[in-house]
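**Q** sequence plus the predicted model coming up.
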Amino acid sequence: MEASVYLTICILMWGMAIFTMKLAGQGLDPMTLAVFNAAGQLILGVILFSRASIGFSKHHMMGIAVGVLFVLGNMAFYKLSQTAQVSTLAPLTALHIAVPILLGIVLLGEPVTVRKGIGVLFALLAIYFLSSSDS
């Protein structure tokens, strides 16, 4: 598949997940929601297991760390979703994009370009406009 197809799938799945988190959070506490989120990931993990490269390298451990980080972030989102509108919360939490950009530049030596800078600026402006009140 082309990158554009994967990009579209990623945007749609993450977008629907955030919306669904809000709906599920209306009837479940954050801990329960985190457990059932993990159950959903486990079900998919079992299905994908036969295609996985099983081992215990540092990269496998980083994969586990990714899961822990996502669960902790999701739990915070679940708690926030009990008090904020999803149309406000989603763009505000989208500020997470700044973290991998900065880490990529600082730790991986990725280049700082004018194009990236302008892109981040527009993303931050979009977040501001989407999360501020209309008045």
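**A** Yes, it's here. In this text the structure is predicted, and so the values were computed from the model without any measurement. Numbering: from 1, shown residues only.
**Q** got a list of contacts for the lowest-mean-pLDDT helix or strand in the chain?
**A** Among the helical and strand segments of the chain, the one scoring lowest on mean pLDDT, DSSP states H and E is helix 86-93, with a mean of 80. For helix 86-93, the surrounding residues in contact (Cβ atoms under 8 Å, 6 or more residues apart in numbering) are 15, 18-19, 22, 77, 80-81, 84, 126-127, 130-131. The C-beta positions use only the backbone N, C-alpha and C, and glycine is treated the same way.
**Q** pull out the buried residues from that helix.
**A** 86, 89-91, 93 (16 or more other Cβ atoms under 10 Å).
**Q** now stretch 22-33
**A** 22, 24-25, 28, 30, 33.
**Q** dump those residues into CSV; add secondary structure and pLDDT as well.
**A** Output for the buried residues of stretch 22-33, formatted as CSV (DSSP: H, G, I helix; E, B strand; the rest coil; pLDDT from 0 to 100):
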residue, secondary structure, pLDDT
22, helix, 84
24, helix, 89
25, helix, 85
28, coil, 90
30, helix, 88
33, helix, 90
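**Q** rewinding a little: please check the contacts of helix 86-93 and keep the buried ones.
**A** So, by 16+ other Cβ under 10 Å, the buried ones in the contacts of helix 86-93 are 18, 22, 77, 80-81, 84, 127, 131.
**Q** counting by contacts, list what the helix or strand hosting residue 73 packs against.
**A** Assigned by DSSP states H and E, residue 73 belongs to helix 58-81. Applying 3 or more Cβ pairs under 8 Å, 6 or more residues apart in numbering; DSSP states H and E, we find helix 58-81 packed against helix 3-25, helix 30-48, helix 86-93.
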